[in-house]
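>>> Whatever this is, show me its structure:
(6 chains)
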6 protein chains.
Amino acid sequence: MKPAPAETTHSSRYDRGLAKLKEIDGQAGERVIQSLADIAPDFAKYLIEFPFGDIYSRPQLDLKSREIGVVAALTALGNATPQLKVHIHGALNVGCTQEEVVEIIMQMAVYAGFPAALNGLFAAKEVFKEREAGH
Amino acid sequence: MKPAPAETTHSSRYDRGLAKLKEIDGQAGERVIQSLADIAPDFAKYLIEFPFGDIYSRPQLDLKSREIGVVAALTALGNATPQLKVHIHGALNVGCTQEEVVEIIMQMAVYAGFPAALNGLFAAKEVFKEREAGH
Amino acid sequence: MKPAPAETTHSSRYDRGLAKLKEIDGQAGERVIQSLADIAPDFAKYLIEFPFGDIYSRPQLDLKSREIGVVAALTALGNATPQLKVHIHGALNVGCTQEEVVEIIMQMAVYAGFPAALNGLFAAKEVFKEREAGH
Amino acid sequence: MKPAPAETTHSSRYDRGLAKLKEIDGQAGERVIQSLADIAPDFAKYLIEFPFGDIYSRPQLDLKSREIGVVAALTALGNATPQLKVHIHGALNVGCTQEEVVEIIMQMAVYAGFPAALNGLFAAKEVFKEREAGH
Amino acid sequence: MKPAPAETTHSSRYDRGLAKLKEIDGQAGERVIQSLADIAPDFAKYLIEFPFGDIYSRPQLDLKSREIGVVAALTALGNATPQLKVHIHGALNVGCTQEEVVEIIMQMAVYAGFPAALNGLFAAKEVFKEREAGH
Amino acid sequence: MKPAPAETTHSSRYDRGLAKLKEIDGQAGERVIQSLADIAPDFAKYLIEFPFGDIYSRPQLDLKSREIGVVAALTALGNATPQLKVHIHGALNVGCTQEEVVEIIMQMAVYAGFPAALNGLFAAKEVFKEREAGH
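Numbering: from 1, shown residues only, chains lettered A, B, ... in the order given. Alright, predicted model coming up:
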């Protein structure tokens, strides 16, 4: 009996990625997936499979370090505020304190300038308020 | 007795920064300072005082996490290879394994694309070779 | 009789550019021109003359390919959403299907990361809705 | 009597920076400082000390040239609109005319593309209106 | 009989991606894969599977349009010259003329500035020479 | 008598641009034009006409301020070193001192990070040496 090609059904990459996405982003990740449903459902599938099913599922680096890296990178790039906010939530969800998140964003002033760090801090401020308000 | 203004002599920020720079970058940091001596010696002073004397000396985040953040950010920005190499050395100097460095660079494919991650990996490869050769 | 210098009247570059701008962007292009009237009318003139009168009027590449290139580039750069939306309209106006536009934006995940591609897809979603609503 | 370390009280860098910040940005700068009070008060201190107490206080370049440089750079980077607006105010506060501000932003079309210049011009338009309205 | 999980052996995504990579990049793609062997072999696998096995294998956009998009994007980003050169080769391999490649790079002056376009043209010049020399 | 269209002969924009290019960049500008001769001669024409014939020829801002703006912007963007070097030469050619050039590059540490400023300073160091050597 020939096994069906891995792509015709939900792959184990997909299942593993979806679980990892929930672990990191909670409902924020799922909202992104839903927002793609009518325009690019395949992209939602890739987003679960490659970043979360492949990369974030690798055991070589702990999730807290991964989230510190992505908060740093998105603060430095400065052109993806919605995703930065999702990952500030993510960093807090996997064990970073608010103080550590603020600290890594502040550090980006050195590598990407004060405006990038300022805009990162304002994003963090919004996230901290959302969490306080129970979102 | 009125204390002298902090700026007239080497400040404690400078001394603290220089010690921190050596802890993280070893001689690579010092070479950068020397290379500024004939063109912008004041900039070398600022570089020691603000990034290293102020930011890196703060206890709110461990050095290993700081280096993971900067390796992530410089890989993502993709336009500062010499500094990325200095901080890959730095990451290894403060406790990251080569595997962890490779891992955070790979993760940047998700946030800044495969070319940025590839060029980061090639920078890491050079650094690993330099260390093997005893530089 | 000495002819007037080309710059003192509307040049043929201007006329050709205006026609090309209308072909690609319809009224969206004209709105940009109008929005510059009170602050930088000369810039509106340059915008018509160089990009549209010079570059887009060249026969060496078809307009559909040109629009695919600019949608790709603005998605990747990620810091010019209004202009990306204008050119998603432009791509559809010169013969791209919605499916092709979505596809080239998705591809940018590979070169500029998933956040850039996501934000490009959300821009496309807004454009598709605007066109459905008859704007 | 041992003088207290420079960092335990307001340094002369802080006082000099605060005065310089007011000279350039007026109340806009102060609003930024206040907005950091609850999330990263130390970052507000660094922002006053390094950019304004160290860099902008140096006599080697006049403030008007400094503001032309920063308006050019933030227009070109294109990912820090709030800070660009603060520095368009700053440029006007230290002696640039509106025409000169428009001119340096237009020039950025050459180095960072027309979308970056357009978005810079729209930021300038907002700033000019704010000043007319007496903000 | 339970089929083995897709990940334990070479997936069909991998095989499809490798074939697509060869179709587009010829030996240049393979050299990139080999250069990762000693530092990040898993990244080589992801590079084949996601960009080439998933994205480039989708039938919704022809390869020529895909390569026009990536040459445009990498020219505009301006920080990944080695990958830009690989994709200029790729564009020529899948049916673009040298004239069309030059044209899309020139167009990027409008969206990312003249330096980005100039550096893209110099990359194209090198690629054209390599092909003439029979590499 | 109907005047010939401006495009059929060298336009006055071209002549004005070429003179301006020589005023700013001396022979460096001409070398760029020559390097485009075999790959994109039309782009050389646009480069003279739009940036130099249109923008730099406008009287609304002095050349020294224009060069300060472009040195700032290219330092901040960090991905166009050859063009940055051309414009450091240009800044010195139109009246900036070496000290002023160093100063505006240092200032970019605030807006684009220390690596961007460092790499700008190293570019300036090379330019200063070239000029000393009589190039």
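>>> Run through the residues of chain A sitting next to chain D.
Listed as neighbours of chain D in chain A under the rule Cβ under 8 Å from any Cβ of the partner chain: A:77-79, A:102, A:105-106, A:109, A:113-119, A:121-122, A:124-125, A:128. All C-beta spots, glycine's among them, are computed from the backbone N, C-alpha and C.
>>> let's see it at 10 Å
A:77-81, A:98-99, A:101-103, A:105-106, A:109-110, A:112-122, A:124-125, A:128-129 (Cβ under 10 Å from any Cβ of the partner chain).
>>> Quick check: the gap between the residue nearest in space to the middle of chain A and residue A:49.
Nearest residue to the geometric centre of chain A (Cα atoms, centre = their mean): residue A:87, 4.1 Å. Using Cβ to Cβ, to the nearest Å, residue A:87 is found at 19 Å from residue A:49.
>>> still on that earlier bit, and the average pLDDT for the helix or strand containing the residue nearest to the centre of chain A is what?
Per DSSP states H and E, residue A:87 falls inside helix A:81-93. Helix A:81-93 shows a mean pLDDT of 97.
>>> Report the distance from it to the chain centre.
6 Å (Cα atoms, centre = their mean, to the nearest Å).
>>> other SSEs contacting the helix or strand bottoming out on mean pLDDT in chain A?
Ranked by mean pLDDT, DSSP states H and E, the weakest helix or strand in chain A is helix A:27-35, scoring a mean of 87. Helices and strands touching helix A:27-35, by 3 or more Cβ pairs under 10 Å, 6 or more residues apart in numbering or on different chains; DSSP states H and E, are helix A:12-25, helix A:41-47, helix A:81-93, helix C:114-132.
>>> low-scoring pLDDT stretches of chain A, where are they?
A:1-10, A:135 (pLDDT under 70).
>>> wait, isn't residue A:79 in contact with residue C:84?
No: using Cβ atoms under 10 Å, residue A:79 is not in contact with residue C:84; the gap is 11.6 Å.
>>> Give me the common contacts of the two.
Common neighbours of residue A:79 and residue C:84, counting by Cβ atoms under 10 Å, 6 or more residues apart in numbering or on different chains, are C:77, C:78, C:119.
>>> Please look at the last one and residue A:80 and confirm they touch.
Yes: Residue C:119 is within contact range of residue A:80, at 6.4 Å (criterion: Cβ under 10 Å).
>>> Common neighbours of those two, please.
Joint contacts of residue C:119 and residue A:80 (Cβ under 10 Å, 6+ apart) are C:78, C:79, C:112.
>>> Export those to CSV and append columns for secondary structure.
What follows is these, written out as CSV (DSSP: H, G, I helix; E, B strand; the rest coil):
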residue, secondary structure
C:78, coil
C:79, coil
C:112, helix
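>>> Chain A - how does it break down into domains?
For chain A, the structural domains run A:11-59, A:61-135, going by automatic domain parsing.
>>> Out of those domains, which is the most enclosed?
Burial of those is given as mean neighbour count (mean count of other Cβ atoms under 10 Å in any protein chain shown); domain A:61-135 ranks first at a mean of 22.
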